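In: sequence first, predicted coordinates after that:
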Amino acid sequence: MQADMFGLNRSPVMVAWGGGVDSTAMIIEMHARGEPIDMVLFADTFSERPWTYETVRTFSAWLEERGIPFQRVFYQAQRFKNFPPYLGLLENCLTNGTLPSIAFGFGSCSLKNKVAPQNKFTENWEPAVTAWRQGLQVVKCIGYDCSPADQKRYAEREGYVEDRYQYRYPLREWGWTRVECEARIAEAGLPPVKKSACFFCTATKPAELHEYEPELLRIIVLMEARAKPRLKTTEGLWRKAVKGVRGGTPRPGDMTSYIRDKGLLPAEEVDYIEANAPTALISWQEAHADTPIEDRPDVRTWLEFFNAHIDSFRKEGVVSLYQDAPYAGGVEPRRPVDRIAA
Ligand code: SF4
């Protein structure tokens, strides 16, 4: 009761910030209108596109200057059995030899890595706990705009009711589309914000792959090659090939074929990764299966080793991914928790 006296005495307002255009513009405009924002949450899959991490850096500074609380949340697996510890969706998929669930037509990758960490945070967030005790709801602001693509997403959620949350869609209240959102970000003097998603998401457009650095393209090839033996209902990260009739862009069902066909990576490099990297990763996982968990290197350590050695492949044409690495090259084993702290 005492604590409640010093609480907000209104429903706390939380914004789910995706790191993209819509939710960024929504926060800027809410702040300009003097609307309360008690928390901005960003759920990190540790697999976002590089420019999203740049936006996180600039926009979190913008929020801090205005005294708007910001938290980065994420899903952290707790039990790794005999596998090297992993952090985020990419490492999870590499560990288990699979693709994100969106590539199979499901949405559990988003539920697990985006929705659940935000809900978990809120469960212990003092303003929410106090509000619920007072019989109030937490207002959750979602950045769906009025464009046709978001209209579909909104239609799926329209009328969705929860006891503890009240959902609000400010951009739709204001009648804003992406155009207004982009203009609002520019007006605020912030750098342009690009679409956010995991860099290997099924929703990635073919043209977007042309913007990626080789490091990301190699990991896409690795991810599909690692998952390939177990794929039955889907061809790859794009699920099924598209012929491109009625104005659509033709593309294969897997991103690797596109990367190879368009020469985004040299064909011999793609061949090499497909032939060697998944086996090397599995061998490495097995080699560390009996290492005590506190000493077991994490999957990121292997990825750093992979990138470093594939780089030398370009120069030397030959590289072994079968070494006792990843201790080679001065890379020390780390656990996810160390990495987050860093
Ligand atoms: S961006 Fe795509 S791959 Fe990443 S969590 Fe969302 S749906 Fe899954």
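Out: Received, thanks.
In: and residue 72, helix, strand or coil?
Out: Counting by DSSP: H, G, I helix; E, B strand; the rest coil, the backbone at residue 72 sits in strand.
In: wait, it sits on residue 42?
Out: Yes: between residue 72 and residue 42 a contact is recorded at 5.0 Å, counting by Cβ atoms under 8 Å. Heads up, the C-betas are built off the backbone N, CA and C, glycines and all.
In: C-alpha coordinates for stretch 272-284, PDB please?
Out: What follows is stretch 272-284, C-alpha atoms only, in PDB (Å, rounded to 0.1, in the frame of the first residue of the first chain):
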ATOM      1  CA  TYR A 272      33.600 -25.100 -49.600                       C
ATOM      2  CA  ILE A 273      31.300 -24.000 -46.800                       C
ATOM      3  CA  GLU A 274      28.600 -26.400 -47.800                       C
ATOM      4  CA  ALA A 275      31.000 -29.300 -48.000                       C
ATOM      5  CA  ASN A 276      33.000 -28.600 -44.800                       C
ATOM      6  CA  ALA A 277      31.500 -26.300 -42.300                       C
ATOM      7  CA  PRO A 278      28.500 -28.200 -41.000                       C
ATOM      8  CA  THR A 279      30.700 -31.300 -40.500                       C
ATOM      9  CA  ALA A 280      33.300 -29.300 -38.800                       C
ATOM     10  CA  LEU A 281      30.800 -27.700 -36.500                       C
ATOM     11  CA  ILE A 282      29.300 -31.000 -35.500                       C
ATOM     12  CA  SER A 283      32.800 -32.500 -34.900                       C
ATOM     13  CA  TRP A 284      33.500 -29.500 -32.700                       C
END
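In: start the count at 4 instead of 1 going forward.
Out: I'll keep to 4 as the first residue from here, and by that count the last item is stretch 275-287.
In: name the residues of it that are buried.
Out: Residues 275-277, 279-281, 283-284, 287 are the ones in stretch 275-287 that count as buried (16 or more other Cβ atoms under 10 Å).
In: equivalent analysis for stretch 104-117, please.
Out: 104-107, 112-113, 115-117.
In: what residues does the protein have near the ligand?
Out: Counting by Cβ under 6 Å from any ligand atom, the chain comes close to the ligand at 48, 92, 103, 105, 112-113, 116-117, 200-201, 204, 206.
In: could you pull out the strands for the protein?
Out: Assigned by DSSP state E, the strands in the chain fall at 16-19, 42-46, 73-76, 141-144, 168-171.
In: would you list those strands in a markdown table and tack on mean neighbour count, distance to residue 313 and mean pLDDT?
Out: Converted to a markdown table, the strands of the chain look like this (neighbours: other Cβ atoms under 10 Å; distance: least, Cβ to Cβ, whole Å; pLDDT from 0 to 100):
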| stretch | mean neighbour count | distance to residue 313 | mean pLDDT |
| --- | --- | --- | --- |
| strand 16-19 | 22 | 36 | 97 |
| strand 42-46 | 23 | 30 | 97 |
| strand 73-76 | 17 | 29 | 96 |
| strand 141-144 | 22 | 42 | 96 |
| strand 168-171 | 17 | 45 | 94 |
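In: just send these back as a markdown table, with distance to residue 236 too.
Out: Shown next, in a markdown table, are those (distance: least, Cβ to Cβ, whole Å):
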| stretch | distance to residue 236 |
| --- | --- |
| strand 16-19 | 31 |
| strand 42-46 | 27 |
| strand 73-76 | 31 |
| strand 141-144 | 34 |
| strand 168-171 | 33 |
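In: relative to residue 234, which of those is closest?
Out: strand 42-46 (26.9 Å; Cβ to Cβ).
In: gap between residue 107 and residue 80?
Out: For residue 107, the distance to residue 80 equals 20 Å [Cβ to Cβ, to the nearest Å].
In: now, the most widely separated pair of the buried residues of stretch 104-117?
Out: 107 and 117 (17.2 Å).
In: any regions of the protein where pLDDT drops low?
Out: 4-10, 315-341, 343-345 (pLDDT under 70).
In: center of it - which residue?
Out: residue 48 (3.4 Å; Cα atoms, centre = their mean).
In: hmm, back to that, give me the common contacts of residue 75 and residue 45.
Out: Common contacts of residue 75 and residue 45 (Cβ atoms under 8 Å, 6 or more residues apart in numbering): residue 59.
In: domain parsing for the chain?
Out: 5-190, 209-344 (automatic domain parsing).
In: in JSON lines, list the ones you listed along with distance to residue 196.
Out: Compiled in JSON lines, these are given as follows (distance: least, Cβ to Cβ, whole Å):
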{"stretch": "domain 5-190", "distance to residue 196": "5"}
{"stretch": "domain 209-344", "distance to residue 196": "15"}
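In: pull the number of nearby residues for residue 80.
Out: 15 (other Cβ atoms under 10 Å).
In: tell me how far the residue nearest to it when sequence neighbours are not counted lies from residue 211.
Out: Of all residues not flanking residue 80 in the chain, residue 89 sits nearest, at 6.6 Å (Cβ to Cβ, 6 or more residues apart in numbering). Using Cβ to Cβ, we find residue 89 at a distance of 25 Å from residue 211.
In: comparing the two, which shows the higher neighbour count?
Out: Neighbours per residue, other Cβ under 10 Å: of residue 89 and residue 211, the larger number sits with residue 89, 22 against 15.
In: is it correct that that one is in contact with residue 82?
Out: No: taking contacts as Cβ under 8 Å, residue 89 lies outside contact range of residue 82: 11.4 Å.
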